[in-house]
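Enquirer: What shape does this take:
(2 chains)
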Protein chains: 2
Amino acid sequence: MSDPIPAVQNVHANRARILQNLKDFVRIPSISTDPQAKPDMQHAAEWVAGQLRGMGVDNVAIMPTSGHPVVYGEWLKAGATQPTVLIYGHYDVQPAEPLELWHTPAFEPTEKGENLFGRGASDMKGQVVACLAAVQALLETQTLGVNVKFLVEGEEEIGSPALEKFIPEHKDLLACDVALNPDTGMMAPDIPTITYGLRGLAYFEVRVVGAKQDLHSGLYGGAVHNPAQVLCELVAGMHDDQGRVTLPGFYDSVRPLDPVEREELARLPHGDDFILEQTGVPALYGETGYTNVERIGARPTLEVNGLLSGFTGEGSKTVLPARAMAKISMRLVPDQDPDQVMEQLRQYLEQNAPPTVHWELIKHAGGSASISDIHHPAVAAMEKALESVWGKRPLYRREGGSVPVVAKFQKELGTESVCTGFGLPDDNLHAPNEKVHLPTLYRGIDAVVHFLLNLKA
Amino acid sequence: MSDPIPAVQNVHANRARILQNLKDFVRIPSISTDPQAKPDMQHAAEWVAGQLRGMGVDNVAIMPTSGHPVVYGEWLKAGATQPTVLIYGHYDVQPAEPLELWHTPAFEPTEKGENLFGRGASDMKGQVVACLAAVQALLETQTLGVNVKFLVEGEEEIGSPALEKFIPEHKDLLACDVALNPDTGMMAPDIPTITYGLRGLAYFEVRVVGAKQDLHSGLYGGAVHNPAQVLCELVAGMHDDQGRVTLPGFYDSVRPLDPVEREELARLPHGDDFILEQTGVPALYGETGYTNVERIGARPTLEVNGLLSGFTGEGSKTVLPARAMAKISMRLVPDQDPDQVMEQLRQYLEQNAPPTVHWELIKHAGGSASISDIHHPAVAAMEKALESVWGKRPLYRREGGSVPVVAKFQKELGTESVCTGFGLPDDNLHAPNEKVHLPTLYRGIDAVVHFLLNLKA
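Expert: Below is the predicted model of the structure:
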């Protein structure tokens, strides 16, 4: 049965073109953390800009920043009486390593059943393509009734460092009534989801340095403190036996969960069985006194993202390493501050690193947590849009992931974000074999069309 | 002034050829732990066999083993009334990584001042070339008065696993009165050294496995136990705050140091200042109640040789790794047994690994510690030889390194080894920029000539 809304008819008719667009976009290995990938980053930015220009968006520009460029575009022909929505996206992706675990090449988009596999297919090239398709359909059918701006950055996967300056420096350009952020996904194909809470992120590298070079473990072992051992001792001490983070003051500014919110969170699906099944771990773990939904969405955490020291090849090498490194990141909740957390980590290292080694602390990224106003009219517009497409009211949740730009928009522009998205928990985000579920993504395009139509004054 | 001994005159006259030999040998990247290096291993074995044949050694053979081949040769023309000495060597070397820290290419031998740089120049291609040169000179001058056998293996740097079977299977072939093992080095260019105690080695890999694949740290962190964190906790728990190893029963079979030996060890040079200077560490570390010389030479230790988990590239990736790995090795003293130590490590993991992860324990290498009989007549022959060349009596020491073949010769052949060598503490063994000090190595050749002459009945 054909949809009565022309723009929805339009996207349904153009699914082959939309899928082709997504494949073209996924094929660009735009890995923001890789210094070698600079040309690919430029290529991805140009691809987005080309799409915007092609659909009739005005003032499209690839704007330089202190890091990877931002793609901007606007269509303001709805006039001053209509609201302006800023559609946020990112064109960068996570690294694809470990490559050997991919069943199909990471940057060769591959359809299998209802899924399209490829790095970025879900996070978030699929979501960007969905928004582009919705706006294009509204423009083609001359039914876009609100003003639209696009901000598509290239550093989300490394914590959006360049936006730190870019947003305050372009307040007028980015001025809007609300932002749409489709980077937070949904809980299941039949559970449309609006995310109103996001954790912040603080990402560090801790380096422990012992001798001026690797030593023979037999000739020096026993009298020289092994930096890999010291690093393990330091990391091990960062949690107590209750699963609590031990950095001094880590919980001081954490906003406690109120009983009403705990009740709400208890109603969410995705309990322990879901996590066990998704991950395959033999048992769950976490901070005493909280449910797993609370641990992931509403409590701060500290994770080791990487470890490297000494000899890691096949077989054996009897080396006493000169250095050891850990990548350590914290997910933050309101009202933690990434800079304060860095100070807490520095204090912890000062108090606990032994005098037998040197150490360094390097900051890679940081962003604050956010709680969005769920009473904003645009949230109602999204709720209605999701209900129109899925036939059921969306769930509201706090999520464990971090989208620092949401807090930045709040702080710098005074703009609330409507956070949703059409990625799924089993999309293998940041992992091998990332995929997007195409039927869900297609519904998402319809939902964005409805959302933009609902926003009209 | 020309030396009165013809074979010493001969080696002095042939130093250019000997140095060229060493360079040719170092140029072969015979890295035993590298599965790709099999052709280079064969090449190195053939090089040694070619040298032996060229100097008139009989029955030279490249003998297959369960791993890399053994090079054998013999010269038994001194007759049954004369002793037979088995000269041990290894043609394999350590990996050269990290390559970027080498000032000259690892396998392009480079002379700088009095040193020759290159992987294996000291450990132990230099020592093998020294022994070959000494025997060749004695053969060329027709003054070799004892029987000589050569056993040059290709797996010392991975713990000599193939010799485990090879030695008992070739007891008659290897029968001898004493072995010469020039793999233990000396304490300084002016301190000739005989090593009578060597630590054993047990080398393992511990793998901790959590989820079936890497996870998004924001979407699962807090409810899933991070394998890198678990690994750090396990490694951190392997030492107590006294620097003692906590594996259950680890010290049970350790032979205590008697007061006489402690007094002897206290007389050795290379105190704390030497270790601080050699390593550049800000402070030393070790087991409470022992001096650093004792910690290195006479006490067992546990070292982390490598750590690997998750994302280790530049920048940041918010991954909750599925796996974490540590290479862990123990240096053993009499009467510890490598298999018992593996059981102790397994018990430790069983008792301490949480139910939130899986783990695996893999054995890479193992060999027992050894104490040699310092009253053996061949030790006196070596003492006299070193004194003839250096003009001072050698020091006797227990060393931290491991040469498992010494214990194997004791156990399987009933043969004592005279352990010495002409490598120096600053030769960067197992590290970038390995080198050998040529004037010391040349003196070593003279000493081996003297030793073989002194052995004559």
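Enquirer: now the strands for the stretch 151-300 of chain A?
Expert: A:178-181, A:193-198, A:200-209, A:215-216 (DSSP state E, counting those that start in this stretch).
Enquirer: The first one pairs with which strands, parallel or anti?
Expert: Going back to what we said before, that points to strand A:178-181. strand A:84-90 (parallel), strand A:417-419 (parallel) (DSSP bridges).
Enquirer: Next, the residues that contact it from outside, please.
Expert: With C-beta atoms under 8 Å, 6 or more residues apart in numbering or on different chains as the test, strand A:178-181 has contacts from A:83, A:85-88, A:131, A:376, A:378, A:382, A:403, A:405-406, A:409, A:415-421, A:448, A:451, A:455. To be clear about C-beta, it is placed using only N, CA and C from the backbone, and glycine gets the same treatment.
Enquirer: and if you look at the second one?
Expert: Here strand A:193-198 makes contact (C-beta under 8 Å, 6+ apart) with A:184-187, A:297-298, A:333-334, A:369-372, A:374, A:379, A:382-383, A:386, A:394-399, A:401-403, A:406-407, A:418-421.
Enquirer: Okay, now the unreliable bits of chain A?
Expert: A:1, A:270 (pLDDT under 70).
Enquirer: care to break it down by domain?
Expert: A:6-198+A:369-455, A:200-254+A:300-367 (automatic domain parsing).
Enquirer: Arrange those domains in CSV, one row each, with mean neighbour count as further columns.
Expert: As requested, those are exported to CSV (neighbours: other C-beta atoms under 10 Å in any protein chain shown):
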stretch, mean neighbour count
domain A:6-198+A:369-455, 21
domain A:200-254+A:300-367, 22
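Enquirer: Now tabulate the ones you listed in a markdown table and tack on distance to residue B:78.
Expert: As requested, these are arranged in a markdown table below (distance: least, C-beta to C-beta, whole Å):
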| stretch | distance to residue B:78 |
| --- | --- |
| domain A:6-198+A:369-455 | 57 |
| domain A:200-254+A:300-367 | 35 |
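Enquirer: check contacts around the residue in chain A sticking out farthest from the centre.
Expert: Distance from the centre of chain A peaks at residue A:219, with 47.0 Å (C-alpha atoms, centre = their mean). By C-beta under 8 Å, 6+ apart, the contact list for residue A:219 reads B:296, B:399-401, B:425, B:429.
Enquirer: Give me the subset of these that lies in strands.
Expert: residue B:399 (DSSP state E).
Enquirer: could you pull out the helices for the stretch 351-457 of chain A?
Expert: With DSSP state H, counting those that start in this stretch as the criterion, the stretch 351-457 of chain A has helices at A:377-390, A:404-408, A:438-455.
Enquirer: Tell me which of the ones you listed lies nearest to residue A:265.
Expert: For residue A:265, the closest of the helices of the stretch 351-457 of chain A is helix A:377-390, at 18.3 Å, according to C-beta to C-beta.
Enquirer: Report the angle between that closest one and strand A:84-90.
Expert: Relative orientation of helix A:377-390 and strand A:84-90, computed by axes from the mean of the first three to the mean of the last three C-alpha atoms, to 10 degrees: 70 degrees.
Enquirer: Return the distance of helix A:377-390 from the chain's centre.
Expert: 22 Å (C-alpha atoms, centre = their mean, to the nearest Å).
Enquirer: which residues are contacting it?
Expert: With contacts defined as C-beta under 8 Å, 6+ apart, helix A:377-390 is touched by A:83, A:85, A:177-178, A:180, A:190, A:192, A:194, A:196, A:372-373, A:393-394, A:416, A:418, A:420, A:443, A:446-451, A:453-455.
Enquirer: End to end on stretch A:272-289, go ahead and measure it.
Expert: Start-to-end span of stretch A:272-289 (C-alpha to C-alpha, to the nearest Å) is 15 Å.
Enquirer: swap in stretch A:278-294?
Expert: Using C-alpha to C-alpha, the end-to-end distance of stretch A:278-294 comes to 18 Å.
Enquirer: same deal with stretch A:403-415?
Expert: 14 Å.
Enquirer: what's the spacing between it and its chain's center?
Expert: With C-alpha atoms, centre = their mean, you get 14 Å for stretch A:403-415.
Enquirer: Tell me if that stretch is near chain B.
Expert: No - under the criterion of C-beta under 8 Å from any C-beta of the partner chain, chain B is not reached by stretch A:403-415; the shortest gap measures 9.3 Å.
Enquirer: who touches that stretch?
Expert: For stretch A:403-415, the surrounding residues in contact (C-beta under 8 Å, 6+ apart) are A:86, A:88, A:153, A:156, A:159-160, A:163-164, A:167-168, A:171, A:174-179, A:181, A:183-184, A:198, A:200-201, A:365-370, A:372, A:416-417, A:419.
Enquirer: repeat that for 7 Å
Expert: For stretch A:403-415, contacts defined as C-beta atoms under 7 Å, 6 or more residues apart in numbering or on different chains pick out A:86, A:88, A:159-160, A:163, A:167-168, A:171, A:174-176, A:178-179, A:181, A:183-184, A:198, A:200-201, A:367-370, A:372, A:416-417, A:419.
Enquirer: Equivalent analysis for stretch A:238-251, please.
Expert: With C-beta under 7 Å, 6+ apart as the criterion, stretch A:238-251 contacts A:237, A:285-288, A:300, A:302, A:344-345, A:347-348, B:229.
Enquirer: returning to what we had before: include distance to residue A:253 when you put the helices of the stretch 351-457 of chain A into a markdown table, please.
Expert: Shown next, in a markdown table, are the helices of the stretch 351-457 of chain A (distance: least, C-beta to C-beta, whole Å):
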| stretch | distance to residue A:253 |
| --- | --- |
| helix A:377-390 | 26 |
| helix A:404-408 | 14 |
| helix A:438-455 | 34 |
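Enquirer: Around chain B, pick out the residues from the stretch 351-457 of chain A.
Expert: Within the stretch 351-457 of chain A, the positions adjacent to chain B are A:355-358, A:364-365, A:400-402, A:429-432 by C-beta under 7 Å from any C-beta of the partner chain.
Enquirer: Dump those residues into CSV; add distance to residue B:271 as well.
Expert: Shown next, in CSV, are those (distance: C-beta to C-beta, whole Å):
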residue, distance to residue B:271
A:355, 19
A:356, 17
A:357, 21
A:358, 23
A:364, 42
A:365, 46
A:400, 53
A:401, 54
A:402, 52
A:429, 55
A:430, 51
A:431, 52
A:432, 52
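Enquirer: of all those, which comes closest to residue B:278?
Expert: Of these, the one sitting nearest to residue B:278 (C-beta to C-beta) turns out to be residue A:356, at 15.0 Å.
Enquirer: I'd like to check which residues are in contact with the closest one.
Expert: The contact partners of residue A:356, taken as C-beta under 7 Å, 6+ apart, are A:225, B:281-285.
Enquirer: Apart from its chain neighbours, what residue comes closest to it?
Expert: Leaving aside its chain neighbours, residue A:356 sits nearest to residue A:225 (3.6 Å; criterion: C-beta to C-beta, 6 or more residues apart in numbering or on different chains).
Enquirer: before we move on, what about residue A:7?
Expert: That would be residue A:137: by C-beta to C-beta, 6+ apart, it lies 4.1 Å from residue A:7.
Enquirer: repeat for residue A:106
Expert: Closest to residue A:106 by C-beta to C-beta, 6+ apart is residue A:96, at 3.6 Å.
Enquirer: Backbone torsions only: list them for that neighbour.
Expert: When read as degrees, to the nearest 10, the backbone of residue A:96 gives phi -90, psi -10.
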